[in-house]
Every structure is written in C-alpha cells, then in structure tokens.
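Visitor: Build the 3D model from these lines:
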Amino acid sequence: MSSGVLRYDKMVEDALKGVLRQALRECENGLPGDHHFYITFRTGHEGVQIPDYLRARYPVEMTIVIQFQFWGLEVDHDKFAITLSFNRVNERLVVPFAAVTAFADPSAKFGLQFQPPAGEGGAAGGEAGERAPTPLPEAPASNEVGVAAGTEAVAEPEKGQVIAFDKFRKK
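Guide: The predicted structure follows:
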C-alpha cells in the first residue's frame, strides 16, 4: 500500500470477477437447469488463446455462449479454458479473467460488466467505482453469424450484438 490510497474500484472488480470464476467452477461438469452464459472478452488481451481465424474476424471483442455443447471446461484463479464448436470444428480457447468485459446468465436475469484497467482500452466514463447498468442480451431477429446450426459457441458480430440460437434450444 505504497500510494496511501485504498483502490476500492480494483477491489470491487476483483470481487466481481470472483463471481464469474465461481459460476464457471460450479459448471465444470455441466450447467444446471436452463442456465447458460454469455461471456464477452477482449481478443487482443495478453494471454488470450484463440485460433487465428477467430482473432482475425474479431480483432477487438468476441462473445461466446456456453450452453449445451462445450467440453473440457477448466477454471483456475487467473483464467478459464474451454473447448467450443465453431462451424462444426472444435476449438480450445483460453481466456484470462482480466480479458473478460461482460458476463451474463439470461436465465437468471443476471449480468456483470467489467471495467478495463486504467490505460487499457479506455475507461468507461465516470468516477472510479461507478458502474453502468448491464443490459442482458436479447435474442436477435435472425442468426446471421456463420456458425453451424446447433453450435453453442457464437462469435459476436462486429456491431457488438449477442447472437442466440433459440430455435435450436432443447425445449
């Protein structure tokens, strides 16, 4: 504590990332009930491991959906790793929690938005500790993303919309 200032904004951010970490840990063997997660992360953040074609298509941010088809979810203190299907090709992703910008579980009407560290990607206006409300994702009018039907990993279109494949959801 050399600066003599308590960084409550950082403490809150770390605590909220702990919620995401715990939610993923509790789902390493599958999601209970209707729970499903939308996780948005910065693809260029240090430590993010994704295939080059996904990084080229989503050079800034990408949103994945964790629902029916995912394998090998591993969660540790600093990151999570998961295998998802993109156009019927299984790909392993590694995402540090520091790269995550948003997390939502629409079935629980729960969402979190994370602030980037100072000097990284620009601060989302306001004083330290202020948080903009996090809108929950809504189903789009169409599924224009080039992802195979039934795929649960969905890359976010450039316009920042979250895509859901509700018509393929088990009922």
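
Visitor: ok, now which ones touch the residue lying closest to residue 41 once chain neighbours are set aside?
Guide: Nearest residue to residue 41, sequence neighbours excluded (C-beta to C-beta, 6 or more residues apart in numbering): residue 99, at 4.4 Å. For glycine as for every other residue, the C-beta is placed from the backbone atoms N, C-alpha and C. Residue 99 makes contacts with 41, 42, 43, 45, 47, 48, as judged by C-beta atoms under 8 Å, 6 or more residues apart in numbering.

Visitor: buried subset of the residues you listed?
Guide: 41, 42, 43, 45, 48 (16 or more other C-beta atoms under 10 Å).

Visitor: So which of those sit within strands?
Guide: 41, 42 (DSSP state E).

Visitor: which helix is the longest one in this protein?
Guide: Criterion DSSP state H: the longest helix present in the chain is helix 8-26.

Visitor: in that helix, what's buried?
Guide: Buried residues in helix 8-26, counted by 16+ other C-beta under 10 Å: 9, 13, 16, 17, 20, 21, 23, 24.

Visitor: cool, stretch 75-92 as well?
Guide: 75, 79, 80, 82, 84, 85, 86, 91.

Visitor: picking that back up, pick out whichever of the buried residues of helix 8-26 sits closest to residue 105.
Guide: Distances from residue 105 to those, taken as C-beta to C-beta, are shortest for residue 23 (7.2 Å).

Visitor: For the closest one, list the residues it contacts.
Guide: 37, 103, 105.
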